[in-house]
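# Fold the following for me, if possible:
(5 chains, ligands or ions: 5)
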Amino acid sequence: ACGNTEESKGTEEDSQSANAESDGPEVVVDGSSTVFPIMEAVAEEYQKENPDARVNIGTSGSGGGFEKFAAGETHISNASRPIKDEEKASLEEAGIDYTEFEIALDGLSIVVNKENDWVDELTVKELNKMWSSYGDVTTWADVREGWPEEEIQFYSPGADSGTFDYFSEVVLGEEGEIRQDASLSEDDNVLVQGVTGSKNGIGYFGYAYYAENKEQLKAVPIVNDSGEAVAPDQETVQSGEYNPFSRPLFVYVKHSALENEAVYNFTEYALKNAGAISESVGYVGKPDSAYEEALQELDSIAGK
Amino acid sequence: MTVNIKRMIDEKKSNRRFLSILEKSVPAFFLLCASISVLTTIGITLTLLVETVTFFNRISIVEFLTGTEWWPFGENASYGILPLITGTLLITAIAMLVALPTGLASAIYLSEFAPGNVRKVVKPVLEVLAGIPTIVYGFFALTFVTPMLQLFIKDLPIFNALSPGIVVGIMIIPMIASLSEDAMSSVPDSMREGALALGSTRLEVALKVVVPAALSGIVASFLLGVSRAIGETMIVSVAAGSTPTLTTDVTQSIQTMTGYIVQVTLGDASYGSTTYYSIYAVGMTLFVFTLLMNLLAQYISRRFKEEY
Amino acid sequence: MNLVDKQLVQRKRKKRLFSNRIMRQIFFSASVFGIVVLAVLLYRIFREGLPYLDIDFLTSFASRFPEEAGIKAAITGSVWLMAVTAPVSVVLGVGTAIYLEEYAKENMFTRFIRMNISNLAGVPSVVFGLLGLTVFVRLMEMGRSIIAGGFTMSLLILPIIVVASQEAIRAIPNSQYEASYAMGATKWQTIRRVVLPAALPGILTGGILALSRAIGETAPLLMIGALSFIAYLPENIWSGFTVLPIQIFNWTARPQEEFHLVASTGIIILLFILLLMNSVAVLIRHKYSKRY
Amino acid sequence: MMNILKDNKQLSLVSLKEKVQEETKAIYAVEKFNLWYGENQALYGIDMTIPMNKVTAIIGPSGCGKSTFIKALNRMVELVPSVRMNGTVTYDGENIFSPKYKVEELRTNTGMVFQHPNPFPKSIYENVVYGPRTHGIKKKKILEEIAEKSLKEAALWDEVKDRLDENAFGLSGGQQQRLCIARCLAIEPEVILMDEPTSALDPVSTGKIEELVQNLKKRYSIVIITHNMQQAARISDKTAFFLDGQVVEHADTTTLFSHPEDKRTEDYITGRFG
Amino acid sequence: MMNILKDNKQLSLVSLKEKVQEETKAIYAVEKFNLWYGENQALYGIDMTIPMNKVTAIIGPSGCGKSTFIKALNRMVELVPSVRMNGTVTYDGENIFSPKYKVEELRTNTGMVFQHPNPFPKSIYENVVYGPRTHGIKKKKILEEIAEKSLKEAALWDEVKDRLDENAFGLSGGQQQRLCIARCLAIEPEVILMDEPTSALDPVSTGKIEELVQNLKKRYSIVIITHNMQQAARISDKTAFFLDGQVVEHADTTTLFSHPEDKRTEDYITGRFG
Ligand SMILES: Nc1ncnc2c1ncn2[C@@H]1O[C@H](COP(=O)(O)OP(=O)(O)OP(=O)(O)O)[C@@H](O)[C@H]1O
Ligand SMILES: Nc1ncnc2c1ncn2[C@@H]1O[C@H](COP(=O)(O)OP(=O)(O)OP(=O)(O)O)[C@@H](O)[C@H]1O
Ligand SMILES: [Mg+2]
Ligand SMILES: [Mg+2]
Ligand SMILES: O=P([O-])([O-])[O-]
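Numbers count the residues shown, from 1 in each chain, chains lettered A, B, ... in the order given. Ligands and ions are numbered 1, 2, ... in the order given. The predicted model follows:
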């Protein structure tokens, strides 16, 4: 997947772009806080091997990252969702060419309380009924016959996060609207606390937060498009078996920045090592073949 | 006579030219300093205004001001700021209920009752409270205060306005206590003597003489405290949830104006989207909101001023 | 002729003395309340954070492994940031206060400035972040540098310093000005040698509160592009940087429990720096605090 | 020299005590009272009684401890943090420094006029009624009566009756001084401690205050510090001469001024000034 | 009554001016000077000259405008925001209220001792050298010399020489007063304006200050407010009697005290107090 490759890559960066960035050994990365741990780990390893390298990573959020990307202030932008049309437009306006790479996968985990012994699977349709504001669900019994008649507490990431976006697109569709009584929080650890603390709670967040709290939480297997109930783990997410909740994480690289050795080297290093490294921070790597393809694409852009 | 001071002073008169230049340039420099705050306000207004106008081109200002639902995401977005305003008011009100009495009482204790060395120690210790990052307070609210409250209020949800409200209050205690204490300390001792010699108790001296004389400083500290409460973000977003609800029920989850602004600025909204512009409109509302509050406060403090 | 009813006075005295005692206790408890909360907070922080506190923590950069994670870049960044913020904000703040209290004529412009300052105090930090991004980072082309961050922070805390200094100056008795002017001192000499020393304790209180706030702020710095990961030290005010609260915020947001503990260690460091910074101010304040 | 001084004092005290006890009941009895400001001793073994319904004048050079002494009588001196004391002071038979003693009661019974006027930053009226209000007198009519009466007694009424609502800081130095006297009279104390109450006043106002003192002593006991020998001689029944923190001589005013026992007293009162 | 008053004043002024011009050069000339605090007029058409190298005493009842008047002489009165004035005051031939006039210079040349002592919350030493420091004298040795000399002149040296580093607020009332005198002498002004400088002082210190005044007048011009008629008679060459904001009489001290022209002056100075 790539952006405006047809534009000539010689386009001058606009005046805002700090000069230091294009020639020095500095690599400037910003964007999603979801992707941050992966890129941080990459940078950490990269700097061990290249002590002179200078990689900076900010966390302005996917949206904030693209804004800085368009302003020419960064070389690489992290995102937990694909770039949106308005963002494409402004990048075009600024004359910035870029390419999108999928760097890893996240298994969006739907979790319930440990003491919840009745839920053994859920379908996307049931999820829709539960989470939609039109669903009329208040107790577990409303979801499936035989489940206890106890009121459900809903925990969801904040409405402006990539995770929320992805979940509501998959579960609620374009038109859907999340139920108003859901407790929203920007902080996934807070959601973990919420579900851990309420017996009838349900929530969702990135795989890593489930993986780290397996003792307190129970991930609900989700019925996938081939009709099997699959729980999230490294394999099912990577293979795509855990669908539709395997979601990709992205980095966007500015073409002109690749002329800078440092940026090129770092990007190359990232694509080579992302698989292994993302697993060490709680995400899931893509299959090796995907990274190889990405590396080829990178070389062709950089003209190597 | 050993030294002729007069002559020496006269000799130094050559310095006068330099002094008089200094005397003229110093106010200019201070005026410059003061202008920075004006420039800041202008900067903020401009920063906010351009995007606010864009926002109001898309959403009617009437809907914005009168709507009772705030859900600026997805297809059926609705932009009624009232829930955010009530959220802000709720947090501010709770915080003030905690901070004003406690802060003022601490200030009175430190300035009028405490032995000198207690004051020397307690004041800085309290001030440390002011430097703890707000995120820490946020988790303190979520993982300590809320469970404590749940002991008393059975069905208190994990996200509610009460707990972060209290913690915001705790956070601004040092500001109110410390600044008010300073104001009271600078009331001349001769006034305390005058009152004590008439048989006043320490309490009466504090409430009838010192507090009125220090009122200007106390009000200023209150104002800074209220402002801080209105502007506080992290504590609220961690412990109050992020659910804009039009309610006065302190046990419900709410969202404040500032909470919303951080949510969007550090979140995922692409700039150019209506959501993105909405933060400027909310910022502007907040700005006007504090402006009104300040006008009111200035009016009040002007009425109760005492000079000495 | 006796207008004062001694009986009445006698009767009321009991009540007055009683309420004096009660209120004293209440005031005392209020002060203790703050300290108890602080103690609880500190206890929780130290219990979690102390085990991770060692030299390595201070001398390493951030890492994805909690045991290896260090706070070097953030400490340096915070110190740099304070080195910019403290002088800028104190000079601007005290300057503004002096202007308002000593030089300004009571006119529309002065009232406007006053209004401005109390209003700025209520502007949330994120809005200052927006301002800093637009003005310092972009318009003035400072980039995502320490100086841009420092200026943004200075503006953010300016109102606290201004208001505290104003009040401190206002509390100086008139007789002090008279004494100085009568010696033939000029206005500026009077301000420098009489007003500022007398107002110093109040100014320092404002400074302490303001810098305490600045050192703990996250959001506005994130917005102007302060970094979350940087594995080298800033060299000058134009370098990129990260600060303690960003690092701490970052750690608390991690899924791994260990990072939450490391975050507490970070808070200990932050409090320590804060204490170091404050104690200087507290000492000076103590030296100058004299009641008239 | 210090030793001689002490001996002398002892001597004069013996004779003094005899005299006082003969004549009248003492409202205050001060015994072996020492006071330090930090390291510096300001009062040395003061032994002295203050008679009831009499005017006692205290004279002595600047810095000799007069203000310190009368501030000890209503325990105001405690407000200076560095102060340490020993010895006893009894008021009306009770030791005012005993832990149980109610200092507020003492101070209600003893009005004090300070060396420098210290009005509150309130209106003139509020200044005067501060005391009665504090003590629970709420009725507006009574308060107004008290204000008028006290201001008249302090010879200030005519000058301020049209500006009772103005801030007290807008008064002249002497007016402020008289306001403080009025404020003290408003609580009708039993003892009035006056620290140079007329130093900032012109002869006419001084005369009025002296007259007031003469009237008051019928009901109240008065201690007055003054640098004006004539004034001491005119209005007081007893006079104490302080020097370097010690009572050099304490006797009937007429005796002290006509036949001082101590050489130093004589030197002081026969100075050419007054 | 006001009218009669004015006529009287006019009369006495004419005679006065003649006399003064005969004798000596005037350092101050005050003409048709009016002053208001907000709505209240405090000074009414003052016409008066102050002779060089002489001591001018100002007497008058409390609240009559004495402090206001001498504060106008070095423009300190301007510090009260509500003050309005008209008329002229010339110092050394220049109108001190003209816009170009350098008020700092005026105040350097005119030292002032206030009615209530107002030391800075600094050490005793720092208080005294404040003035010289302000005027650019930096050398430690010279400053120390100045401090010693001024404190000696103000009759305070012996009492404080061992505690120069202590805070000035720890001094007794009279000591603070003398410290303020010392502080004023440290800049060796040409004119010294003293607002009841000895009111808080004992006779001995008063004597020393009076002696000082006598010495200083050889070099300086001195204006002194006092409530003490004897003092005015003892030390001043000229005396002005103020009443209700007006100069009732201004003449040679001996003349004024022996043959007052105005009935009110006579009433005032022959009051039985002093
Ligand atoms: N700051 C002020 N604001 C308003 N009125 C004032 C102010 N200062 C003085 N006055 C009034 O002006 C009049 C003259 O005051 P001034 O201080 O000159 O008196 P004075 O002659 O020095 O009296 P005293 O001997 O008591 O010091 C008085 O009626 C006084 O109340
Ligand atoms: N707060 C204080 N701290 C330290 N020393 C003090 C304090 N107050 C007074 N002194 C010292 O104690 C001594 C006695 O002071 P006090 O005020 O009693 O003198 P006084 O007799 O009232 O003199 P005056 O006539 O000048 O008012 C003086 O040497 C003075 O410097
Ligand atoms: Mg005294
Ligand atoms: Mg006066
Ligand atoms: O920081 P996010 O864009 O991943 O929410």
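# Would you mind naming what in chain B lies close to ligand 5?
Residues of chain B lying close to ligand 5 (C-beta under 6 Å from any ligand atom) are B:267, B:268. The C-beta positions use only the backbone N, C-alpha and C, and glycine is treated the same way.
# Tell me where chain B has strands.
B:70-71, B:78-79 (DSSP state E).
# Briefly note if stretch B:177-189 comes near ligand 2.
No. Among the residues of stretch B:177-189, none lie within reach of ligand 2 under C-beta under 6 Å from any ligand atom; the closest is 9.7 Å away.
# For that stretch, list every residue counted as buried.
For stretch B:177-189, the neighbour count (16 or more other C-beta atoms under 10 Å in any protein chain shown) marks B:177, B:178, B:179, B:180, B:181, B:182, B:183, B:184, B:185, B:186, B:187, B:188 as buried.
# out of the residues you listed, which one sits closest to residue A:42?
Taking C-beta to C-beta as the measure, residue A:42 sits nearest to residue B:178 out of those, at 45.4 Å.
# surely the closest one meets residue B:123?
Yes. Residue B:178 is within contact range of residue B:123, at 6.1 Å (criterion: C-beta atoms under 8 Å).
# ok, the residue lying closest to residue B:76 once chain neighbours are set aside - how many residues close by?
Excluding the flanking residues, the one nearest residue B:76 by C-beta to C-beta, 6 or more residues apart in numbering or on different chains is residue A:177, at 5.6 Å. A total of 18 residues lie near residue A:177 under the criterion other C-beta atoms under 10 Å in any protein chain shown.
# confidence score at residue A:177?
Each residue has a pLDDT score; the one for residue A:177 is 78.
# Report whether stretch D:176-192 contacts ligand 4.
No. Using C-beta under 5 Å from the ion, stretch D:176-192 stays clear of ligand 4, with a minimum separation of 9.2 Å.
# That stretch close to ligand 1?
No. Under the criterion of C-beta under 6 Å from any ligand atom, stretch D:176-192 makes no contact with ligand 1; the nearest approach is 7.2 Å.
# pLDDT averaged over that stretch, what's the number?
pLDDT averaged over stretch D:176-192 gives 91.
# and the end-to-end length of that stretch?
Terminal residues of stretch D:176-192 lie 18 Å apart, using C-alpha to C-alpha, to the nearest Å.
# before we move on, what about stretch A:218-226?
Terminal residues of stretch A:218-226 lie 23 Å apart, using C-alpha to C-alpha.
# mind listing what's buried in that stretch?
For stretch A:218-226, burial by neighbour count (16+ other C-beta under 10 Å) applies to A:218, A:219, A:220, A:221, A:222, A:223, A:224.
# Okay, now the unreliable bits of chain B?
Scanning chain B for pLDDT under 70 picks out B:1-3, B:6, B:9, B:11-16, B:74-75, B:301, B:304-308.
# hmm, back to that, the residue nearest to residue B:76 and residue B:64, how far apart?
Here residue A:177 is placed at a distance of 20 Å from residue B:64 (C-beta to C-beta, to the nearest Å).
# Residue B:242 too?
As judged by C-beta to C-beta, residue B:242 and residue B:64 stand 20 Å apart.
# Quick check: which element contains the residue positioned nearest the centre of chain C?
Nearest to the geometric centre of chain C sits residue C:210, at 2.1 Å (C-alpha atoms, centre = their mean). If you go by DSSP states H and E, residue C:210 is part of helix C:196-216.
# That helix vs chain B: in contact?
Yes. Contact of helix C:196-216 with chain B (C-beta under 8 Å from any C-beta of the partner chain) involves C:201, C:202, C:205, C:206, C:208, C:209, C:211, C:212, C:213, C:215, C:216.
# can I get those in JSON lines with neighbour count?
As requested, the residues of helix C:196-216 next to chain B are exported to JSON lines (neighbours: other C-beta atoms under 10 Å in any protein chain shown):
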{"residue": "C:201", "neighbour count": "24"}
{"residue": "C:202", "neighbour count": "30"}
{"residue": "C:205", "neighbour count": "32"}
{"residue": "C:206", "neighbour count": "33"}
{"residue": "C:208", "neighbour count": "29"}
{"residue": "C:209", "neighbour count": "27"}
{"residue": "C:211", "neighbour count": "25"}
{"residue": "C:212", "neighbour count": "22"}
{"residue": "C:213", "neighbour count": "21"}
{"residue": "C:215", "neighbour count": "28"}
{"residue": "C:216", "neighbour count": "26"}
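# which among these gets closest to ligand 3?
Ligand 3 has its nearest neighbour among these in residue C:201, at 27.8 Å by C-beta to the ion.
# Tell me where chain C has helices.
C:6-49, C:55-59, C:72-98, C:108-121, C:125-132, C:146-170, C:174-182, C:187-190, C:196-216, C:219-224, C:244-252, C:257-288 (DSSP state H).
# avg pLDDT for the fifth one?
Predicted confidence along helix C:125-132 averages 88 (mean pLDDT).
# I'd guessed residue C:66 sits against residue C:256; true?
Yes. The pair residue C:66 and residue C:256 qualifies as a contact (C-beta under 8 Å) at a distance of 6.3 Å.
# Excluding chain neighbours, give the residue nearest to the residue in the stretch 51-200 of chain C positioned nearest to chain E in space.
Residue nearest to chain E within the stretch 51-200 of chain C: residue C:184 (3.0 Å; C-beta to the nearest C-beta). Leaving aside its sequence neighbours, residue C:184 sits nearest to residue E:108 (C-beta to C-beta, 6+ apart; 3.0 Å).
# Give me the secondary structure label for that neighbour.
helix (DSSP: H, G, I helix; E, B strand; the rest coil).
# Contact partners for residue B:258?
With contact set as C-beta atoms under 8 Å, 6 or more residues apart in numbering or on different chains, residue B:258 has these partners: B:88, B:230, B:231, B:232, B:233, B:236, B:286, C:124, C:126.
# Neighbour-wise, which one of the residues you listed leads?
In terms of neighbours by other C-beta under 10 Å, the contacts of residue B:258 top out with residue B:236 at 32 neighbours.
# Next, count neighbours for the residue nearest to residue C:184.
Residues near residue E:108, counting by other C-beta under 10 Å: 26.
# And it, how far from ligand 4?
Separation of residue E:108 from ligand 4 (C-beta to the ion, to the nearest Å): 23 Å.
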